[in-house]
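Student: Generate coordinates for the sequence data below:
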Amino acid sequence: MAVAGYDGMHLIAEALKKTGGSADGDKFIEAARGMKWVRPAGPISIDPATRDIVQTVYIRKVERSATSFRTSSSIRFRISRIRAKP
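Tutor: Purely as a prediction, here's the structure:
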């Protein structure tokens, strides 16, 4: 959740810089289109055609041993268009 807050505030601040402080909806959306930046969780961008977020997702498998926990495997992939099923 903290990274999502960081992303949102970064996008708002940068879009406002591009619009000269205007929060007009059309200007703001146009300013955000195609934006790219590096965040604590890795690179992120706004697809200029769809305005979807494109980001890297990390999935790790953690296993318990007799004395501790360890990461046994991890997967890293880029995602862009995730849609909820109706």
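Student: what's next to the biggest helix by length in the chain, contact-wise?
Tutor: Scanning the chain for the helix with the most residues, using DSSP state H, yields helix 2-18. The contact list for helix 2-18 (Cβ atoms under 8 Å, 6 or more residues apart in numbering) reads 22-23, 28, 31-32, 35, 37, 39-41, 44, 46, 53. Bear in mind the C-beta positions are built from the backbone N, C-alpha and C, glycine included.
Student: can you list the weak-confidence ranges in this structure?
Tutor: 1, 73-86 (pLDDT under 70).
Student: that older thread, now the contacts of helix 2-18 as CSV including secondary structure, neighbour count and distance to Ser72?
Tutor: Compiled in CSV, the contacts of helix 2-18 are given as follows (DSSP: H, G, I helix; E, B strand; the rest coil; neighbours: other Cβ atoms under 10 Å; distance: Cβ to Cβ, whole Å):
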residue, secondary structure, neighbour count, distance to Ser72
Ser22, coil, 13, 50
Ala23, coil, 10, 47
Phe28, helix, 17, 44
Ala31, helix, 19, 43
Ala32, helix, 17, 39
Met35, coil, 18, 36
Trp37, strand, 12, 32
Arg39, strand, 13, 27
Pro40, coil, 8, 24
Ala41, coil, 15, 21
Ile44, strand, 19, 27
Ile46, strand, 18, 34
Ile53, strand, 17, 29
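Student: phi, psi of the closest residue to Ile44 other than its chain neighbours?
Tutor: Leaving out its chain neighbours, the residue that sits closest to Ile44 by Cβ to Cβ, 6 or more residues apart in numbering is Gln55, at 4.6 Å. Phi and psi for Gln55, reported as degrees, to the nearest 10, are phi -150, psi 160.
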